[in-house]
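Undergrad: okay, sequence plus prediction incoming.
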Amino acid sequence: EDKVVQSPLSLVVHEGDTVTLNCSYEVTNFRSLLWYKQEKKAPTFLFMLTSSGIEKKSGRLSSILDKKELFSILNITATQTGDSAIYLCAVEPNAGGTSYGKLTFGQGTILTVHP
Amino acid sequence: KAGVTQTPRYLIKTRGQQVTLSCSPISGHRSVSWYQQTPGQGLQFLFEYFSETQRNKGNFPGRFSGRQFSNSRSEMNVSTLELGDSALYLCASSLVLASTDTQYFGPGTRLTVL
């Protein structure tokens, strides 16, 4: 059974702080790891990581994958109140058999950024 | 390009009733996956459809079913509703789940069972 564990479960910071969110996983036949941000309803896609050691970056957000240690981190620098959300990590196995379309999600990290 | 749309956005039902939720994927996307999100269990995979065929199913009872139409729109049905079915139901679409595909989520349908 695929498994994803995120830490911390919640985090409260002030604007300008830098945060690091963690995601560890166990998956049979790994294809990719994804990060999503969920504010009100729909999780919105942030990053897809497939290769170890290659940093994906978008503005103040960045993420990296360690396939040897089965671990990923999501960094947010110079946090803003608009970063307050639930950050979800998910793993996707290679398509085929009983794996089509199935993302296994972690519990999420609730990030609260105070002004 | 319009995103994934789901209807209705909110629904209130009573125990024992059945419900049908609808999902229209992003234009050109052919794979639709459904997820249930609850505070206790988080996001859990329900099933995935591609070309009108269910290719994968999560660990949910048979009361949960779905289908996909030729235009890739999908519906999911829950029969004999239970209080524990109260949740946010999300659908996600992707092109065809090739190596670079990503699942994009709709806004969800909030189902409350009384």
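TA: Perfect, thanks for sending it. Numbers count the residues shown, from 1 in each chain, chains lettered A, B, ... in the order given.
Undergrad: what residues of stretch B:69-77 count as buried?
TA: B:S72, B:R73, B:S74, B:E75, B:M76 (16 or more other C-beta atoms under 10 Å in any protein chain shown). C-beta: built from backbone N, CA, C; applies to glycine.
Undergrad: around chain A, pick out the residues from chain B.
TA: For chain B, the residues in contact with chain A (C-beta under 8 Å from any C-beta of the partner chain) are B:3-4, B:31-33, B:35, B:42-45, B:47-50, B:55-56, B:58, B:88, B:90, B:92, B:94, B:97, B:99-100, B:102-108.
Undergrad: among those residues, name the buried ones.
TA: B:3-4, B:31-33, B:35, B:42-45, B:47-50, B:55-56, B:58, B:88, B:90, B:92, B:94, B:97, B:102-108.
Undergrad: got the phi/psi numbers for the nearest residue in space to A:K68 that is not next to it in sequence?
TA: Spatial nearest neighbour of A:K68, excluding adjacent residues (C-beta to C-beta, 6 or more residues apart in numbering or on different chains): A:S52 at 6.6 Å. With angles defined as degrees, to the nearest 10, A:S52 sits at phi -70, psi 140.
Undergrad: which SSE is the residue nearest the centre of chain B in?
TA: By C-alpha atoms, centre = their mean, chain B has its centre lying nearest to B:W34, at 3.2 Å. Assigned by DSSP states H and E, B:W34 belongs to strand B:31-38.
Undergrad: show me what contacts A:A90?
TA: A:V4, A:L33, A:L34, A:W35, A:Y36, A:L103, A:T104, A:F105, A:G106, B:L43 (C-beta atoms under 8 Å, 6 or more residues apart in numbering or on different chains).
Undergrad: which SS class is it?
TA: Recorded secondary structure, A:A90: strand (DSSP: H, G, I helix; E, B strand; the rest coil).
Undergrad: what's across from it in the sheet?
TA: A:L34, A:F105 (DSSP bridges).
Undergrad: likewise for A:H14?
TA: Where A:H14 sits in a bridge, its partners, by DSSP bridges, are A:H114.
Undergrad: grab the nearest non-local neighbour of whichever residue of chain A sits closest to chain B.
TA: Proximity of chain A to chain B (C-beta to the nearest C-beta) peaks at A:G101, 2.8 Å away. If the residues on either side of it in the chain are set aside, A:G101 comes closest to B:E48, at 2.8 Å by C-beta to C-beta, 6+ apart.
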